[in-house]
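*Asks:* The amino acid sequence is not available; the structure is as follows:
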């Protein structure tokens, strides 16, 4: 069993190396299609987190004041930026196989490329949106500390967790087309079950404990710690998020790889 598992893992990684040029071309194609004939272009990568920041700034500074220990717009935009990378990746991943049925059914290559491409495209949006975050940090005079050196670790955990969920959703939606409809409801609920807009410490147990189990809560809080507070993140919650990310990616990728031969049956 372990030999078979090791062989699958080697094959999975080798395929990604062999087809890396295809991943690049898919990502390039998806980027061009996403912003083709749009007036704002990459401005749309900034629009969504910025609008949500404005809306919830009004709510949590005027209607229901919330003390987050820093200017709320900065707090909210950082959370929305991290959340939008996650949500956008999944939103495009869930339909990535069904939207490319001709390629899935007729040409052989690792089908993981479709959800992985969706994640990479959203990572480009994430990078563009980060420019606004940097501008806000300058505006609010947030100093950059040595804690920012921990940022790559947080990004890796974020990407691994997102990629694992993306694989599972893409495969599930191919087998059961209801998934894309349930996803739209679930992703909104999940945002409010994270710290994207408010600290989960505002809630009482057992709800607070449940919300803290959401890996995105730990990831978003880690971004705020190293970028906005100038401190290292709480390592226990981040380690929990990293463990969940590795487990989900490993299980999701292996399941996806072993189910590829059945994909054509569900086209």
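*Replies:* That came through fine. Keep in mind that this is a model prediction, so the values were computed, not measured.

*Asks:* can you give me the helices for the stretch 151-267 of the chain?
*Replies:* 151-175, 179-192, 207-212, 215-224, 235-259 (DSSP state H, counting those that start in this stretch).

*Asks:* quick one, which of these is nearest to residue 124?
*Replies:* helix 151-175 (12.5 Å; Cβ to Cβ). (Each C-beta comes from the backbone N, C-alpha and C, glycine too.)

*Asks:* Which elements pack onto the closest one?
*Replies:* For helix 151-175, the elements it packs on are helix 72-93, helix 113-139, helix 179-192, helix 215-224, helix 235-259, judged by 3 or more Cβ pairs under 8 Å, 6 or more residues apart in numbering; DSSP states H and E.

*Asks:* Export the ones you listed as a markdown table, with columns for mean neighbour count, distance to residue 161 and mean pLDDT.
*Replies:* Output for the helices and strands packed on helix 151-175, formatted as a markdown table (neighbours: other Cβ atoms under 10 Å; distance: least, Cβ to Cβ, whole Å; pLDDT from 0 to 100):
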| stretch | mean neighbour count | distance to residue 161 | mean pLDDT |
| --- | --- | --- | --- |
| helix 72-93 | 24 | 8 | 94 |
| helix 113-139 | 19 | 10 | 93 |
| helix 179-192 | 14 | 12 | 90 |
| helix 215-224 | 24 | 6 | 96 |
| helix 235-259 | 17 | 4 | 92 |
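
*Asks:* So which of these is nearest residue 19?
*Replies:* Closest of those to residue 19 is helix 113-139, at 6.3 Å (criterion: Cβ to Cβ).

*Asks:* quick check: angle from that closest one to helix 72-93?
*Replies:* 170 degrees (axes from the mean of the first three to the mean of the last three Cα atoms, to 10 degrees).

*Asks:* which other helices and strands contact helix 113-139?
*Replies:* Short answer (3+ Cβ pairs under 8 Å, 6+ apart): helix 113-139 packs on helix 20-35, helix 44-58, helix 72-93, helix 151-175.

*Asks:* the inter-axis angle of that helix versus helix 44-58?
*Replies:* Using the same axes, to 10 degrees: helix 113-139 against helix 44-58 is 50 degrees.

*Asks:* Please give the centre-to-centre distance between helix 113-139 and its chain.
*Replies:* Helix 113-139 sits 10 Å away from the centroid of its parent chain (Cα atoms, centre = their mean, to the nearest Å).

*Asks:* which one of the helices of the stretch 151-267 of the chain lies closest to residue 79?
*Replies:* Comparing the helices of the stretch 151-267 of the chain by Cβ to Cβ, helix 215-224 comes nearest, at 5.1 Å.

*Asks:* relative orientation of the closest one and helix 113-139 in degrees?
*Replies:* Using the same axes, to 10 degrees: helix 215-224 against helix 113-139 is 40 degrees.

*Asks:* Turn the helices of the stretch 151-267 of the chain into TSV, columns for distance to residue 12.
*Replies:* Shown next, in TSV, are these (distance: least, Cβ to Cβ, whole Å):
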stretch	distance to residue 12
helix 151-175	11
helix 179-192	23
helix 207-212	32
helix 215-224	23
helix 235-259	5
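
*Asks:* picking up where we left off before, so of the helices and strands packed on helix 113-139, which one's packed in deepest?
*Replies:* Among the helices and strands packed on helix 113-139, helix 72-93 has the highest mean neighbour count (mean count of other Cβ atoms under 10 Å), at a mean of 24.

*Asks:* list the helices and strands that one packs on?
*Replies:* Going by 3+ Cβ pairs under 8 Å, 6+ apart, helix 72-93 lies up against helix 44-58, helix 113-139, helix 151-175, helix 179-192, helix 215-224.

*Asks:* can you give me the angle the helix or strand residue 17 falls within makes with helix 235-259?
*Replies:* For residue 17, the host element (DSSP states H and E) is helix 2-18. If you take the same axes, to 10 degrees, helix 2-18 sits at 90 degrees to helix 235-259.

*Asks:* Alright, that wraps it up for me.
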